[in-house]
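Peer 1: Here you go, sequence then predicted model.
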Amino acid sequence: MKYLDEYRDAGIARALAARIRARATRPWVLMEICGGQTHTIMRYGLPELLPAEIELVHGPGCPVCVAPLEIVDRAIDIASRPGVIFVSYGDMLRVPGSHSDLFHVKAAGGDVRIAYSPMDAVKIARENPGLPVVFFAIGFETTAPANAMAVWQARRENLANFSMLVSHVLVPPAIRLILGSPSSRVEGLIAPGHVCAVMGFEEYQALSEEFHVPVVVGGFEPIDLLEAIAMLVDQLESGRAELENQYSRSVTRTGSAAARKLMDEVFEVTDRQWRGIGPIPASGYRLRDAYAAFDAERVFSAGHIRVEEPPECIAAQVMLGRKKPVDCPAFGTRCTPQSPMGASMVSSEGACAAYYAYRRHTAPPASSEVPA
Ligand code: SF4
């Protein structure tokens, strides 16, 4: 296939669903890791297209959702300081901290700006040499190369007023946590294609071998995901547990050498706290000491802020594949995009936001949403 609309073709989708239906002889629980994949699955009604044997659970691949409450509170603390220009991706503004969010900081007069790239923040720093400019670097391995580039460029230009609040997390340690849990129901994994485009898929091959779970690197269009599910079901029904690459138009075994070289220059692996899940060893990035002058937690002495997660939000259980958003008593009532209790309801990659946006909390549609 060559064009994007071919990856949304209803006829191909139905043929893949029929292939899955013909192959599946028993129930299988499959997890898509990335929140972008979750949104495609809900938007195109893939659960309604699949046979009843296939249950999809949603993984931890939403970086905004796993950013701990304390990093949001640190961001609010820094953004509230007089003179600071705080630059963030838009979906972080509504993510609730323990008492407020960045949107309220902006409404109260704070200089909080939305950007589409960390290089926008570098440009703002260049144009405002007298003011501290902080970029909120949230993300998985996917966004790490651009964030590394921004810090590298700021050092090259001696932009002493630029810094970065880093909340980078890594996918494989979280997958190891899920698959290693005695209560894990996950029998097959759709690995995140964009992460693998940067990092390659060797880490996922190792996970597949370690836990004897089939893994298919998948893309983000409905045909990508249906094909990845078909490949997983083929493996499961034939007793195989291997790594396969459905997203071969973007992903190679070793990923992008140039991106990884730059990330390694700027970042080092560290332990990270995951929202609602807790600490996971060696599961994130922080700036290397050589780039300490660009580390906002050190520049603003904000690293000490620690808070408790709200007990009502079960988003962590959703991201571990144990529950669905509709299992949350607050879903769609006390927790909505207008009045969120958890990050998963407002992130563009959150599972709760996907269920809410595509109305899976109401009766299922009479027919698939895959366009005819
Ligand atoms: S509906 Fe809201 S409170 Fe419930 S799990 Fe989702 S984000 Fe958390």
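Peer 2: Structure received. Every value quoted in this text rests on a predicted model; they were computed, and no experiment measured them.
Peer 1: Near the ligand, which residues of the chain are found?
Peer 2: 312-315, 318, 325, 328, 330-331, 335, 341-342, 344-345, 352 (C-beta under 6 Å from any ligand atom). Quick note: C-beta positions are derived from backbone N, CA and C, even for glycine.
Peer 1: With respect to G35, which of these is nearest?
Peer 2: S344 (8.5 Å; C-beta to C-beta).
Peer 1: Surely that closest one is in contact with A316?
Peer 2: No: applying C-beta atoms under 8 Å as the test, S344 and A316 come out as separate, 9.2 Å apart.
Peer 1: more neighbours, those two?
Peer 2: Ranked by neighbour count (other C-beta atoms under 10 Å), S344 and A316 place S344 first, with 35 against 20.
Peer 1: From the structure, what's the count of residues near A257?
Peer 2: A257, neighbours per other C-beta under 10 Å, totals 10.
Peer 1: SS state for the one residue in the stretch 151-300 of the chain that gets nearest to the ligand?
Peer 2: Taking C-beta to the nearest ligand atom, the ligand has its nearest neighbour within the stretch 151-300 of the chain at G276, 8.4 Å off. For G276, the assignment made with DSSP: H, G, I helix; E, B strand; the rest coil gives coil.
Peer 1: quick one: the closest residue in space to it that isn't next to it in sequence and R275, what's the gap?
Peer 2: The shortest distance from G276 to any non-neighbouring residue, by C-beta to C-beta, 6 or more residues apart in numbering, is to A316 (2.9 Å). Relative to R275, A316 is positioned 7 Å away (C-beta to C-beta, to the nearest Å).
Peer 1: One more: P325?
Peer 2: For P325 relative to R275 (C-beta to C-beta), the value is 15 Å.
Peer 1: and if you look at T336?
Peer 2: 19 Å.
Peer 1: ok, the closest residue to the ligand within the stretch 101-250 of the chain to R275 distance?
Peer 2: Relative to the ligand, the nearest point of the stretch 101-250 of the chain is D101 (13.4 Å; C-beta to the nearest ligand atom). According to C-beta to C-beta, D101 and R275 sit 14 Å apart.
Peer 1: Please identify which of the two sits among more neighbours.
Peer 2: More crowded of D101 and R275, by other C-beta under 10 Å: R275, with 27 against 20.
Peer 1: follow-up on the earlier one: who are the neighbours in contact with the residue of the stretch 151-300 of the chain closest to the ligand?
Peer 2: Neighbouring residues of G276 by C-beta atoms under 8 Å, 6 or more residues apart in numbering: 309, 313-317, 319.
Peer 1: Quick one: buried ones out of those residues?
Peer 2: Buried members of the contacts of G276, counted by 16 or more other C-beta atoms under 10 Å: 309, 313-316, 319.
Peer 1: I'd like to know which of these are part of helices.
Peer 2: Mapping the buried ones among the contacts of G276 onto helices (DSSP state H) picks out 315-316, 319.
Peer 1: Switch the residues you listed over to CSV; also include pLDDT.
Peer 2: Shown next, in CSV, are these (pLDDT from 0 to 100):
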residue, pLDDT
A315, 93
A316, 92
M319, 93
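Peer 1: export those to CSV and tack on distance to P96?
Peer 2: Shown next, in CSV, are these (distance: C-beta to C-beta, whole Å):
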residue, distance to P96
A315, 12
A316, 15
M319, 17
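Peer 1: Pick the one among those residues closest to the ligand.
Peer 2: A315 (4.1 Å).
Peer 1: Could you find the closest non-adjacent residue to the closest one?
Peer 2: Nearest one to A315, counting by C-beta to C-beta, 6+ apart, is S344 at 4.1 Å.
Peer 1: Checking my notes, that neighbour in a helix, right?
Peer 2: Yes: counting by three-state DSSP, S344 is found in a helix.
Peer 1: measure it to S183 for me?
Peer 2: From S344 to S183 the distance is 20 Å (C-beta to C-beta).
Peer 1: In CSV, list the C-alpha atoms belonging to stretch 344-351.
Peer 2: Only the C-alpha atoms of stretch 344-351 are listed here, as CSV (Å, rounded to 0.1, in the frame of the first residue of the first chain):
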residue,chain,number,x,y,z
SER,A,344,-5.9,9.9,31.2
MET,A,345,-9.1,11.9,30.7
VAL,A,346,-7.4,15.0,29.1
SER,A,347,-4.3,13.6,27.3
SER,A,348,-4.7,13.2,23.6
GLU,A,349,-3.3,9.7,24.1
GLY,A,350,-5.3,8.8,27.2
ALA,A,351,-7.4,5.7,27.3
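Peer 1: Give the rounded mean pLDDT of that stretch.
Peer 2: On average, the pLDDT along stretch 344-351 is 91.
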